[in-house]
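> no FASTA, just this:
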């Protein structure tokens, strides 16, 4: 069976070899007689999976020794509260940069725990460009500076790392983690929901520098205290075991492709192909400035929203799924995470040209 190309923004497509291996091991993992979904999270079989997954992620990202990796639940939405709970450390203020809807959600949630200084905002330009750092109004007394590295709804991505001095930089990297090499040491904390570039929904990964641990608010639930979870191998409560297992398969797949440098090269080539097709057209419109375009979520609009339904129906017939844009902005969105092969992007580009020829 030929599978369609799934451009879903998340939960997103997984590499086909990962799906096939998970299927092969579904009923019996490595002769254990049980599925990973049936294993005790403290049994030797799952503990071996956990250790291998952790080691693979640390190797892929070259995570320094003075950082802990914690596997949690609750997604990035949960981390919007969990981050200030853990990182305020006696301070009352935090800086946030507003580059879109996910940033705005982070700001609104953090405001329940501290005074939020919006150090910069892209709202005035319609979230089509990231404010240059020279315009940021950072607070030297802030507990941390928070960014969303890739805004999936509008398709806006940082292609540079902010310099926040002695104030820890925190990043929601849910939608672009593992898409390119990353200098983890530039960040105090990185968090990411798994459902875009890592694996199934339900797993949240947190990478946190050691010196930021130990200062959680007294009201912080034990399950969301980074210090406690890090000291207990992320097993204060039952972790999302199957999601961790699949994440480990994805990490192995990335390594087999050549690692993050190879992923970056592939992802840039896919994005250039798709944006090139859109830019050459007088029919489709993109809104984000070229320098800040997302390599993960390519957003565009047809000349008349009345054409959207026909476009989507034709795309589905052509085996191109989940191209509808977010309800907030409308239009179309092609999410081309690591698992999307270049052949899928070529098929979409061909469909874009064909639809334009027929409907322009």
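Great, that's in hand. Note that the structure is a prediction, hence the values are computed from the model and not measured.
> now for the longest helix that the chain contains, which elements pack on it?
Assignment by DSSP state H gives helix 259-279 as the longest helix of the chain. Where contact means 3 or more CB pairs under 8 Å, 6 or more residues apart in numbering; DSSP states H and E, helix 259-279 is packed against helix 44-61, strand 297-300, helix 342-359. Using the backbone N, CA and C atoms, a C-beta is placed for each residue, glycine as well.
> Would you mind finding the most buried of the ones you listed?
strand 297-300 (a mean of 26; mean count of other CB atoms under 10 Å).
> Which secondary structure elements does that one sit against?
Contacts defined by 3+ CB pairs under 8 Å, 6+ apart place strand 297-300 against helix 259-279, strand 332-335.
> all strands of the stretch 51-200 of the chain, in order?
Taking DSSP state E, counting those that start in this stretch, the strands of the stretch 51-200 of the chain run over residues 67-72, 93-98, 115-121, 145-148, 150-151, 156-157, 169-172, 189-193.
> Low-confidence ranges, the protein, go.
1 (pLDDT under 70).
> How much space separates the closest residue to residue 129 other than its chain neighbours from residue 297?
In space, residue 129 comes closest to residue 289 once its chain neighbours are excluded; the distance is 4.5 Å by CB to CB, 6 or more residues apart in numbering. Between residue 289 and residue 297 the computed distance is 15 Å (CB to CB, to the nearest Å).
> Ok, which of the helices and strands packed on helix 259-279 comes nearest residue 155?
Nearest of the helices and strands packed on helix 259-279 to residue 155, taken as CB to CB: strand 297-300 at 3.7 Å.
> List the buried residues for the helix or strand following that closest one?
Per DSSP states H and E, strand 297-300 leads on to helix 308-317 as the next helix or strand towards the C-terminus. For helix 308-317, a neighbour-count test (16 or more other CB atoms under 10 Å) marks 308, 311, 312, 315 as buried.
> Out of those residues, the closest to residue 182 would be?
residue 315 (32.5 Å).
> Can you pull the phi and psi angles for the nearest residue to that closest one once chain neighbours are set aside?
Closest residue to residue 315 apart from its sequence neighbours, by CB to CB, 6+ apart: residue 323 at 5.3 Å. Backbone torsions of residue 323, given as degrees, to the nearest 10, read phi -100, psi 0.
> again, but for residue 8
phi -60, psi 140.
> For it, the count of nearby residues, please.
Other residues near residue 8 come to 18 when the count uses other CB atoms under 10 Å.
> How about residue 31?
6.
> got a list of what residue 321 touches?
Contacts of residue 321 were listed using CB atoms under 8 Å, 6 or more residues apart in numbering, and they are 4, 5, 6, 7, 8, 315.
> Just name the closest of those residues to residue 280, please.
Taking CB to CB as the measure, residue 280 lies nearest residue 315 of these, at 19.0 Å.
> didn't that closest one look like it was pressed against residue 352?
No. Assessed by CB atoms under 8 Å, residue 315 is found out of contact with residue 352, at 9.3 Å.
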